[in-house]
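>>> here you go, sequence then predicted model.
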Amino acid sequence: MKDFEYIKLGGNRVQAELIVRACREAGIHAELLPADETGLFPTGGFIQRHRLLVRSADRSKVEEIIEETR
């Protein structure tokens with residue numbers, strides 16, 4: 001079993017940031033891997049989706065948070 005997993009979040013950077021914040025408030029360590037790291041190409045998120053790196057054990061909780069924020 002892998003210790004960490006990626007979860008694809010979609011192309012909306014603001015929504016991705018809100019999901020990360022909600023995870024952290026719930027005590028879940030989550031790292032956003034943005035598709036537009038420099039901010040110079042904001043549409044990059046629609047081409048290559050933003051991703052979230054989480055512990056495998058937290059995946060189901062994170063998926064619940066994602067559903068709640070949509």
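That came through fine. Predicted model only: the values in this text are computed from it and were never measured.
>>> what ranges do the helices span in this protein?
Using DSSP state H, the helices of the chain run over 13-25, 44-47, 59-69.
>>> of all those helices, which one is nearest residue 4?
Residue 4 lies closest, by C-beta to C-beta, to one member of the helices of the chain: helix 59-69, at 9.6 Å. For every residue, glycine as well, the C-beta is placed using N, CA and C.
>>> list the buried residues of that closest one.
Residues of helix 59-69 classed as buried: 62, 65-66 (neighbour count, 16 or more other C-beta atoms under 10 Å).
>>> least trustworthy helix or strand in the chain by mean pLDDT?
Using mean pLDDT, DSSP states H and E, the weakest-scoring helix or strand in the chain turns out to be helix 44-47, at a mean of 53.
>>> who's the residue nearest the centre of the chain bridged to?
Central residue of the chain (C-alpha atoms, centre = their mean): residue 52, 3.1 Å from the mean position. When bridges are called by DSSP bridges, residue 52 pairs up with residue 7, residue 32.
>>> contact partners for it?
Taking C-beta atoms under 8 Å, 6 or more residues apart in numbering, we find residue 52 in contact with 6-7, 9, 16, 19-20, 23, 30-33, 62.
>>> export these to JSON lines and tack on distance to residue 70 and pLDDT?
JSON lines is the format used below for these (distance: C-beta to C-beta, whole Å; pLDDT from 0 to 100):
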{"residue": "6", "distance to residue 70": "18", "pLDDT": "93"}
{"residue": "7", "distance to residue 70": "13", "pLDDT": "94"}
{"residue": "9", "distance to residue 70": "10", "pLDDT": "89"}
{"residue": "16", "distance to residue 70": "12", "pLDDT": "91"}
{"residue": "19", "distance to residue 70": "9", "pLDDT": "96"}
{"residue": "20", "distance to residue 70": "14", "pLDDT": "96"}
{"residue": "23", "distance to residue 70": "14", "pLDDT": "97"}
{"residue": "30", "distance to residue 70": "16", "pLDDT": "95"}
{"residue": "31", "distance to residue 70": "20", "pLDDT": "94"}
{"residue": "32", "distance to residue 70": "16", "pLDDT": "92"}
{"residue": "33", "distance to residue 70": "19", "pLDDT": "87"}
{"residue": "62", "distance to residue 70": "13", "pLDDT": "96"}
